[in-house]
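Trainee: Attaching a predicted model along with its sequence, questions to come.
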Amino acid sequence: MSCGCKTSGDSAHSCGPKKTANGCENVNTCGNSYKLSVFDWLSDISNPAPNRCDFVEVRFKNDRKSFYKNVNNFPLHIGSVVTVESSPGHDVGVVSLTGELVKIQMKKKRFSEDSLLKIYRLANQKDLEVWQEARKKEENVKIEARKIAHRLGLEMKITDVEYQGDASKITFYYTADNRIDFRQLIKDYAGAFRTKIDMKQIGFRQEAAKVGGIGSCGRELCCSTWLTDFRSVNTNVARYQQLSINPQKLAGQCGKLKCCLNYELDSYLDALSNFPSSSTMLDTEKGRAFCIKIDVFKKKMWFAYVDNSIAWYDFDIELVKKLIAKNKRGEKTLPLEELKQPETPFASIDLIQENNVDRFEKKGRGNNRNRNQNRQNNNQNNQNQGQRKNTNNRPERQERSERSERPQKQERQQNPNPNNQQKQQRNHQQQKPQPEKIEAAMDSQGDKKSTPNKKKFKKKFPPKKDNNA
């Protein structure tokens, strides 16, 4: 038996063998997958017979619901398809709630028990066939109705079309900004569809609830899933929450301000009750300052001078209260620059490490490679420096006439140690002194040893005359 328990309200879904006396047991079932569903948390509790509730909640297409009285005491459960009283004829719907919670819902929606209609019977096979055939026509009827309204030049939008269970009436839901003249429209609809016509105007929020969709938060619209009452939302709600008045960000799919702006409004108002007024003025020695910004989470207020509003200074609300009390006593406060306290740096740890460029690299391998490369480079540098020292530590005093390049190479091969080589060269120089170099290196004290760091200059003397010649 088809129960029509899908969100769209059509009857294509069949519970099959999982249909039981307690309703549909599937995940996408009659009791928990349709719009504006109610969780029956008293379903496991059996009520006493004298206090049994005879009222049930029946849902129809999309979010339309109503309450009916079970006068014949049928064994109804969530998901049961019933035939209910309507005007004219009868309608077919699905039971969405039973038990004591129905009274709570009736009280919430202000339904009186005397005006409730009754349930005729459990839907039979003929009722379901007529209901399914009528539901299949709804999409084509909606397209044709929009064409007729456009041909008549009416500024309206046909949002949804709903057939009654016995196909004796069609309800057209539309949205419009201005008043619409239906005299010619109803005549054309009656002639085209050959049934009774009912027109119902809904708001843009109700339209979004019927159509459904995904909000900017990534979830289904609240109005199409659980929200039943539409509270008024104005721009003051955004100002209390320190939000920028941007229509593109604050508007929902219905084109109006988002209903979720009201969710945290009470918390913001409670937090703002401890703040001084945003129109607070401070009298300082440098001039008057006004409040330019408020941070609810950090509990701070930003002030700036009237003459120079470029520089902002933030203070805790406790300090601002003290400054206001001081101004009330007729005293001026210190300039804002002196009142500003230095902020203590807070070292934050980035657990996710989104700002680290090397977060995808393995640190262990890179460090080992760098260490090995550094060690190799250091060893090479040390070897090069040792070779340079060996080449630089040559004997400074050599005889130009007696020594040539080949003997120098032979001496290097024979004396690999530069210290021993220097000692041998010094002894050799002492044995064969050169008179010209000794005279050039003579200092004021008569020392024959010259410092190796100073440059030697040869002094030119006139040739000595030989008296014996």
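Mentor: Yes, it's here. Residues are numbered from 1 along each chain as shown.

Trainee: is it true that residue 123 touches residue 82?
Mentor: Yes. Contact criterion CB atoms under 8 Å: residue 123 and residue 82 qualify, at 6.0 Å. Bear in mind the C-beta positions are built from the backbone N, C-alpha and C, glycine included.

Trainee: list residues touching both of these two?
Mentor: Both residue 123 and residue 82 are contacted by residue 92, under the criterion CB atoms under 8 Å, 6 or more residues apart in numbering.

Trainee: Could you chop this protein up by domain?
Mentor: 16-125, 137-209, 231-273, 275-339 (automatic domain parsing).

Trainee: And those domains: which comes nearest residue 220?
Mentor: Closest approach to residue 220 among the domains of the chain (CB to CB): domain 16-125, 9.0 Å.

Trainee: Check the contact between residue 72 and residue 119; I expect there is one.
Mentor: Yes. Residue 72 is in contact with residue 119 according to CB under 8 Å; the separation is 7.2 Å.

Trainee: all strands for this protein, in order.
Mentor: Counting by DSSP state E, the chain has strands at residues 19-20, 23-24, 55-59, 65-69, 81-85, 90-97, 117-122, 157-163, 169-175, 196-201, 281-283, 288-295, 300-305, 313-316.

Trainee: Would you convert the ones you listed into a markdown table that also reports mean neighbour count and mean pLDDT?
Mentor: Shown next, in a markdown table, are these (neighbours: other CB atoms under 10 Å; pLDDT from 0 to 100):
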| stretch | mean neighbour count | mean pLDDT |
| --- | --- | --- |
| strand 19-20 | 15 | 40 |
| strand 23-24 | 25 | 44 |
| strand 55-59 | 23 | 92 |
| strand 65-69 | 19 | 92 |
| strand 81-85 | 20 | 93 |
| strand 90-97 | 24 | 92 |
| strand 117-122 | 17 | 92 |
| strand 157-163 | 21 | 93 |
| strand 169-175 | 20 | 94 |
| strand 196-201 | 15 | 93 |
| strand 281-283 | 17 | 89 |
| strand 288-295 | 16 | 89 |
| strand 300-305 | 19 | 90 |
| strand 313-316 | 16 | 88 |
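
Trainee: how far away is residue 66 from residue 201?
Mentor: When distance is defined by CB to CB, to the nearest Å, residue 66 is 19 Å away from residue 201.

Trainee: what does residue 168 give?
Mentor: 22 Å.

Trainee: could you dump the strands of the chain to a markdown table with distance to residue 42?
Mentor: Below are the strands of the chain laid out as a markdown table (distance: least, CB to CB, whole Å):
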| stretch | distance to residue 42 |
| --- | --- |
| strand 19-20 | 19 |
| strand 23-24 | 15 |
| strand 55-59 | 14 |
| strand 65-69 | 17 |
| strand 81-85 | 21 |
| strand 90-97 | 10 |
| strand 117-122 | 21 |
| strand 157-163 | 31 |
| strand 169-175 | 33 |
| strand 196-201 | 33 |
| strand 281-283 | 58 |
| strand 288-295 | 45 |
| strand 300-305 | 48 |
| strand 313-316 | 50 |
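
Trainee: Out of the ones you listed, which gets nearest to residue 271?
Mentor: Minimum separation from residue 271 across these (CB to CB) falls at strand 288-295, 10.0 Å.

Trainee: Would you list the strands that the closest one pairs with, along with their directions?
Mentor: Strand 288-295 pairs in its sheet with strand 281-283 (antiparallel), strand 300-305 (antiparallel), by DSSP bridges.

Trainee: Tabulate these (TSV), appending distance to residue 37.
Mentor: Listed next are those as TSV, based on distance: least, CB to CB, whole Å:
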stretch	distance to residue 37
strand 281-283	53
strand 300-305	44
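
Trainee: okay but residue 37 is in contact with residue 96, surely?
Mentor: Yes. In this structure, residue 37 is within contact of residue 96 by CB under 8 Å, at 7.0 Å.

Trainee: Please name whichever of the domains of the chain is nearest to residue 219.
Mentor: Evaluated with CB to CB, these place domain 231-273 nearest to residue 219, the distance being 10.2 Å.

Trainee: Could you tell me the model confidence score at residue 15?
Mentor: We have a pLDDT of 45 for residue 15.

Trainee: now do residue 413
Mentor: 51.

Trainee: Could you do residue 87 as well?
Mentor: So residue 87 comes in at 83 (pLDDT).

Trainee: what's the answer for residue 311, then?
Mentor: 85.

Trainee: how far away is the nearest residue to it once chain neighbours are set aside from residue 100?
Mentor: With sequence-adjacent residues excluded and distances taken as CB to CB, 6 or more residues apart in numbering, residue 311 is closest to residue 304, at 6.3 Å. From residue 304 across to residue 100, the span is 60 Å (CB to CB).

Trainee: can you put the domains of the chain in a markdown table and add distance to residue 376?
Mentor: Output for the domains of the chain, formatted as a markdown table (distance: least, CB to CB, whole Å):
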| stretch | distance to residue 376 |
| --- | --- |
| domain 16-125 | 65 |
| domain 137-209 | 70 |
| domain 231-273 | 59 |
| domain 275-339 | 53 |
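
Trainee: Worst mean pLDDT among these?
Mentor: Lowest mean pLDDT within the domains of the chain: domain 16-125, at a mean of 77.

Trainee: Can you get me a residue count around the nearest residue to residue 222 once chain neighbours are set aside?
Mentor: In space, and not counting its chain neighbours, residue 222 is closest to residue 259: 5.9 Å by CB to CB, 6+ apart. Using other CB atoms under 10 Å, residue 259 has 21 other residues around it.

Trainee: so who does residue 201 touch?
Mentor: With CB under 8 Å, 6+ apart, residue 201 has these contacts: 173, 174, 175, 176, 180.

Trainee: For stretch 158-168, C-alpha coordinates in PDB please.
Mentor: Extracted in PDB, the C-alpha atoms of stretch 158-168 (Å, rounded to 0.1, in the frame of the first residue of the first chain):
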ATOM      1  CA  ILE A 158       2.300  30.400  -9.200                       C
ATOM      2  CA  THR A 159       4.400  28.600  -6.600                       C
ATOM      3  CA  ASP A 160       2.700  25.300  -6.000                       C
ATOM      4  CA  VAL A 161      -0.500  23.400  -7.000                       C
ATOM      5  CA  GLU A 162      -2.200  20.900  -4.800                       C
ATOM      6  CA  TYR A 163      -5.100  18.600  -5.800                       C
ATOM      7  CA  GLN A 164      -7.600  17.400  -3.200                       C
ATOM      8  CA  GLY A 165      -7.600  13.700  -2.500                       C
ATOM      9  CA  ASP A 166     -10.900  13.100  -4.500                       C
ATOM     10  CA  ALA A 167      -9.700  15.400  -7.400                       C
ATOM     11  CA  SER A 168     -12.700  17.700  -6.800                       C
END
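
Trainee: Check the contact between residue 81 and residue 91; I expect there is one.
Mentor: No. In terms of CB under 8 Å, residue 81 does not count as a neighbour of residue 91; the distance is 11.4 Å.

Trainee: returning to that earlier point: which stretch among the strands paired with strand 288-295 comes nearest residue 330?
Mentor: Comparing the strands paired with strand 288-295 by CB to CB, strand 281-283 comes nearest, at 9.1 Å.

Trainee: and the gap between the closest residue to residue 231 other than its chain neighbours and residue 94?
Mentor: By the measure of CB to CB, 6+ apart, the closest residue to residue 231 outside its immediate chain neighbours is residue 262, 5.6 Å from it. Distance of residue 262 to residue 94, computed by CB to CB: 31 Å.
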